[in-house]
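Novice: Quick one, structure for this:
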Amino acid sequence: MAMIDYFEQLTQEEQEDVTEVIQTLYRQTYLLERRFDRRSGRMQYVPEYRTCSKHIEFLRAYFAVAGIALKENAHMGVIYIQEEMLWGEKLPRLATIYLLVLKLIYDEQMANVSSSSHIVTTLGAVNGKAGEFRVLTSLPSPTEMRRTIALLKKYQMIEPLDVLEELNEHTRLVIYPCIHAVLMGDDIKELLETFGEEDHIGDEAAIQSTLEDMPE
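Specialist: Next comes the predicted model:
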């Protein structure tokens, strides 16, 4: 009853905000504290994250009923849900490859940076790293790359800093800390090598929405 009482004491606007946060977490499994705003050219705070943080004890109790843990990594600015059988949506092959490579690039650069949770790379670096692991037999077409970057942007994994219509190897990409949310396991290089050795992987690959390798 305590949860119901808490929710009913909120204003209608607050109730709608909390409901939206719950729906987003079920659909996406994570919330970012800040996202890049192209108009201002800088990171801006995300309202949903603030709502979640404000009502986090209520939300933890809510998700606990379903056996789901709600966790927060304040250093990286990510709130996420975690459960052993919680899976995200299936992604196309190229998006899966890019995510694995982006995670590797993120980890490599974060090892040398202590003051930021956001990493900037280029599309050329992503394709180059994929080439090193031989997971791409040839360079994807501009249309396929543009579609993949747009998809990863939709799921807030990355944010292109340059116009997608002018996509090239110099196109800059912000990698958000929730890149951790799409992978399970520690050895990304071994996973990429295995991915590259497969001859018949299929058009889609499942990506687990878990943050088991993220430090709390």
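Novice: show me where this structure has strands.
Specialist: 30-32, 34-37, 42-45, 69-73, 78-82, 90-92, 119-122, 158-160, 172-175, 204-206 (DSSP state E).
Novice: How is the chain divided into domains?
Specialist: 2-82, 90-206 (automatic domain parsing).
Novice: TSV please, covering those and showing mean neighbour count and mean pLDDT.
Specialist: C-beta here means a position set from N, CA and C on the backbone, and glycine is covered the same way. Formatted as TSV, those follow (neighbours: other C-beta atoms under 10 Å; pLDDT from 0 to 100):
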stretch	mean neighbour count	mean pLDDT
domain 2-82	15	91
domain 90-206	16	79
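Novice: Compare the strands of the chain and give me the one nearest P140.
Specialist: Smallest distance to P140 across the strands of the chain (C-beta to C-beta): 10.7 Å, for strand 90-92.
Novice: Tabulate the CA atom coordinates of stretch 22-41 in PDB.
Specialist: What follows is stretch 22-41, C-alpha atoms only, in PDB (Å, rounded to 0.1, in the frame of the first residue of the first chain):
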ATOM      1  CA  ILE A  22       8.900   3.400 -16.100                       C
ATOM      2  CA  GLN A  23       7.900   2.800 -19.700                       C
ATOM      3  CA  THR A  24      11.200   4.100 -21.000                       C
ATOM      4  CA  LEU A  25      13.200   1.800 -18.600                       C
ATOM      5  CA  TYR A  26      11.200  -1.200 -19.700                       C
ATOM      6  CA  ARG A  27      11.700  -0.400 -23.300                       C
ATOM      7  CA  GLN A  28      15.300   0.900 -23.200                       C
ATOM      8  CA  THR A  29      16.600  -0.500 -19.800                       C
ATOM      9  CA  TYR A  30      18.600   2.700 -19.000                       C
ATOM     10  CA  LEU A  31      18.400   6.500 -18.700                       C
ATOM     11  CA  LEU A  32      21.200   9.000 -19.400                       C
ATOM     12  CA  GLU A  33      21.800  11.900 -17.100                       C
ATOM     13  CA  ARG A  34      23.100  14.100 -20.000                       C
ATOM     14  CA  ARG A  35      22.800  14.100 -23.800                       C
ATOM     15  CA  PHE A  36      24.500  16.200 -26.400                       C
ATOM     16  CA  ASP A  37      22.300  19.000 -27.700                       C
ATOM     17  CA  ARG A  38      23.200  20.100 -31.200                       C
ATOM     18  CA  ARG A  39      21.700  23.500 -30.900                       C
ATOM     19  CA  SER A  40      23.700  24.500 -27.900                       C
ATOM     20  CA  GLY A  41      26.700  22.400 -28.800                       C
END
